[in-house]
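Chemist: here's my sequence, what's the structure:
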Amino acid sequence: MDATGLTVEVSYQMGSKPARVAGVELRIRLPRELPDARRAGLLAVAGHCTVHNSLTRPPAVAITLTDTPNFPGHPE
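Modeler: Purely as a prediction, here's the structure:
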């Protein structure tokens, strides 16, 4: 598919308690020439991309503390 004329606009809303991104909206602007039959397929692909999947099914997050590495040129 020729993507000429296809653009994506993204906006988000912030939430609080805890501070976070509370919502994301994507608007996919399609080329006029895109046949109606291709629109559903494009929407399905966008709804199953890696970023969408990561936002709708958040990954596990691990946070650890480590000592400062002793690299040459890095003060201890």
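Chemist: all strands of the protein, in order?
Modeler: Secondary structure of the chain (DSSP state E): strands at 7-15, 20-29.
Chemist: got the angle between the longest one and strand 7-15?
Modeler: Read that as strand 20-29. On the basis of axes from the mean of the first three to the mean of the last three CA atoms, to 10 degrees, strand 20-29 is oriented at 160 degrees to strand 7-15.
Chemist: who touches strand 20-29?
Modeler: Under the criterion CB atoms under 8 Å, 6 or more residues apart in numbering, residues 5-15, 42-43, 46, 55 lie in contact with strand 20-29. In short, each C-beta sits where N, CA and C put it, glycine included.
Chemist: what would the strands of the chain look like in a markdown table with distance to Pro69?
Modeler: Shown next, in a markdown table, are the strands of the chain (distance: least, CB to CB, whole Å):
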| stretch | distance to Pro69 |
| --- | --- |
| strand 7-15 | 34 |
| strand 20-29 | 30 |
